[in-house]
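Participant: Dropping the sequence and predicted coords here.
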Amino acid sequence: MKKISIVLFIVFIGGVTGCYYDKEQLLLPPKSSTSACKNYSFSTDVNPLIQTRCNSGTGCHGTGSTNGPGALVTYTEIKNASALVQASILAGRMPLGSTMSSSDIQVINCWISNGSLNN
């Protein structure tokens, strides 16, 4: 009888602690509506922002960087880190020590939401 009580107690505790409710909006960055997004160009709109705000001024993500996602110099590096870049910018964690204008945030967010094209 004691063994059954112990097993039932463990099952009860496992059941109670295994159930939780997470709000998606608190776990994930907000998704922009891609229909409201303009199709921004990587070479014209996004890359100049990344190079100015993430590399040259602070140097945080220049060539050889190991900060966060590492260097954000080439299209491939930026594309591979796009989810982290988007989450960090939308949460206001980046750029470190400053803020981006809402229009700059929109450019990067829309470009990533539209597939991070090399255009």
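Facilitator: Sure thing, it's come through.
Participant: okay, CA-based contacts and neighbour counts for the rest of this
Facilitator: Will do.
Participant: helices and strands of this protein: which one has the lowest mean pLDDT?
Facilitator: Here the helix or strand of the chain ranked lowest by mean pLDDT, DSSP states H and E is helix 24-27, holding a mean of 47.
Participant: Okay, buried residues for the next helix or strand after it please.
Facilitator: Next in sequence after helix 24-27, counting helices and strands by DSSP states H and E, comes helix 47-50. Buried residues in helix 47-50, defined by neighbour count with 16 or more other CA atoms under 10 Å: Asn47, Leu49, Ile50.
Participant: Helix or strand next in line after helix 47-50, which one?
Facilitator: That would be, after helix 47-50 and using DSSP H and E, helix 75-80.
Participant: which residues sit against stretch 95-106?
Facilitator: Cys37, Leu49, Arg53, Cys54, Ile89, Leu90, Gly92 (CA atoms under 8 Å, 6 or more residues apart in numbering).
Participant: what helix or strand is the most centrally placed residue in the chain on?
Facilitator: Nearest to the mean C-alpha position of the chain, by CA atoms, centre = their mean, lies Ala87 at 2.3 Å. Using DSSP H and E, Ala87 sits in helix 82-90.
Participant: Run the chain-centre distance for that helix.
Facilitator: Relative to its parent chain, helix 82-90 has a centroid offset of 3 Å by CA atoms, centre = their mean, to the nearest Å.
Participant: quick one: average pLDDT of it?
Facilitator: For helix 82-90, the mean per-residue pLDDT is 92.
Participant: Any buried residues in that helix, and which?
Facilitator: Under 16+ other CA under 10 Å, the buried positions of helix 82-90 are Ser82, Val85, Gln86, Ala87, Ser88, Ile89, Leu90.
Participant: got those as a markdown table, with distance to Asn118 columns?
Facilitator: Formatted as a markdown table, those follow (distance: CA to CA, whole Å):
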| residue | distance to Asn118 |
| --- | --- |
| Ser82 | 12 |
| Val85 | 16 |
| Gln86 | 16 |
| Ala87 | 20 |
| Ser88 | 21 |
| Ile89 | 20 |
| Leu90 | 22 |
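Participant: Contact partners for Ser65?
Facilitator: Ala71.
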